[in-house]
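1. The sequence isn't on hand, but the structure is:
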């Protein structure tokens, strides 16, 4: 795939960085909760919120990837490789945890 260096998320970069910074804060908060022996259900609730935040970042990145890199590949005639790549990405997100 020739577009490996393309960054279709450039228009959303500031939003992505802000979301990731909030997620870092969430992780630090969860760590502190565990260090302080906080109630399990409260810790799990925060982990669920972190997972939701990570999913939102992933969806935004996937949307940008489809609208940018993948669309560019389709126009260049390199669709098969990019479609496989997107399908693999989606597969990783829909796997159920053990």
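-> Perfect, thanks for sending it. Not measured: the values here are computed from a predicted model.
2. just checking, what's the longest helix in the chain?
-> As assigned by DSSP state H, the longest helix anywhere in the chain is helix 40-65.
3. mean confidence for that one?
-> Throughout helix 40-65, pLDDT has a mean value of 96.
4. which parts of that helix are buried?
-> Judged by neighbour count using 16 or more other C-beta atoms under 10 Å, the buried positions of helix 40-65 are 43, 46, 50, 57, 62, 64-65. (Glycine included, C-beta is placed from N, CA and C.)
5. list the helices and strands it packs on?
-> helix 13-35, helix 79-94 (3 or more C-beta pairs under 8 Å, 6 or more residues apart in numbering; DSSP states H and E).
6. Any chance of these in CSV with mean neighbour count as columns?
-> Below are the helices and strands packed on helix 40-65 laid out as CSV (neighbours: other C-beta atoms under 10 Å):
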stretch, mean neighbour count
helix 13-35, 13
helix 79-94, 12
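7. and those helices, which one's lowest on average pLDDT?
-> The bottom spot among these, by mean pLDDT, belongs to helix 79-94, with a mean of 88.
8. now the angle from that one to helix 40-65?
-> With axes from the mean of the first three to the mean of the last three C-alpha atoms, to 10 degrees as the basis, helix 79-94 and helix 40-65 are set at 170 degrees to each other.
9. Show me how far helix 79-94 is from its chain's centre.
-> Computed by C-alpha atoms, centre = their mean, to the nearest Å, the chain-centroid distance of helix 79-94 equals 14 Å.
10. Identify the residues contacting that helix?
-> 1, 3, 55, 58, 62, 65-66, 69-70, 73-74 (C-beta atoms under 8 Å, 6 or more residues apart in numbering).
11. Stretch 45-54 too?
-> Under C-beta under 8 Å, 6+ apart, the answer for stretch 45-54 is 19, 22-23, 26-27, 29-30, 33.
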